[in-house]
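Peer 1: Sequence first, predicted coordinates after that:
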Amino acid sequence: MSATMADHVVAIAQDMFTAMIDGEPGLLTDRAGDVVLAAPVRAWVEIQGEPAVRTVVATGRETADRIARALLALGPAEPVTVEDLRDALGEVANVIGGNLKGLMEGTDGLSLPVVSLDDTQPGGDLVWERALQWHDAPLVISAWHPDTTTDAKEDTQ
């Protein structure tokens, strides 16, 4: 997978945020520089095939809560539960991974989303990574060739 594929995935993510989260374009944009995530939350899906590819979406907990609130149409006073957070971030990873799967040849399927609410990150080799921002908060999308011998296969919290 190349930088061109990363560009396609960013466009997919931008379209998804416009349609499902923001209701208007332009709020998910490229971000320059390195990203350090406070209280990281990660969601990923694995595209099964040769080679297998894992798509990971990562952001800070506060931003993940905001995404869940927007995606699930929660009111400002409604709490975001762990289940809400898992549903929302898992759906973001699922939509991005499913669309990436459609761009690839030789794929067999797409795993269910896995969501990590701690600093757990699946093992493997990084293929590419793109730093984005949503409402001035960092969001990172990356693709990995999974290390199937050491991966976390279940929700970690």
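Peer 2: Structure received. Please read all numbers here as calculations on a predicted model, not as lab measurements.
Peer 1: low-confidence ranges in this protein?
Peer 2: Low-confidence segments of the chain, defined by pLDDT under 70, span residues 1-3, 148-157.
Peer 1: and the gap between the residue positioned nearest the centre of the chain and Ala88?
Peer 2: Among the residues of the chain, the smallest C-alpha distance to the mean C-alpha position (Cα atoms, centre = their mean) belongs to Val57, namely 2.1 Å. If you measure Val57 against Ala88 using Cβ to Cβ, to the nearest Å, the figure is 11 Å. Every C-beta, even on glycine, is put in place using the N, C-alpha and C of the backbone.
Peer 1: returning to what we had before: just the element for the residue nearest to the centre of the chain, please.
Peer 2: Val57 is located in strand 53-60, with elements delineated by DSSP states H and E.
Peer 1: Measure how far that strand is from the centre of its chain, please.
Peer 2: Average the C-alpha atoms of strand 53-60, do the same for its chain, and the two points are 4 Å apart (Cα atoms, centre = their mean, to the nearest Å).
Peer 1: quick one, longest helix in the protein?
Peer 2: Using DSSP state H, we find that the single longest helix of the chain is helix 82-103.
Peer 1: And it, what's buried?
Peer 2: Along helix 82-103, these residues count as buried under the neighbour rule (16 or more other Cβ atoms under 10 Å): 84-97, 99-101.
Peer 1: can you check stretch 105-116 too?
Peer 2: Of the residues in stretch 105-116, those buried by neighbour count under the rule 16+ other Cβ under 10 Å are Thr107, Leu110, Ser111, Pro113, Val114, Val115, Ser116.
Peer 1: which ones among the residues you listed are found in strands?
Peer 2: Using DSSP state E, the subset of the buried residues of stretch 105-116 located in strands is Thr107, Leu110, Val114, Val115, Ser116.
Peer 1: Generate CSV for the buried residues of stretch 105-116, with distance to Pro122 as supplementary columns.
Peer 2: As requested, the buried residues of stretch 105-116 are arranged in CSV below (distance: Cβ to Cβ, whole Å):
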residue, distance to Pro122
Thr107, 18
Leu110, 15
Ser111, 11
Pro113, 12
Val114, 8
Val115, 11
Ser116, 8
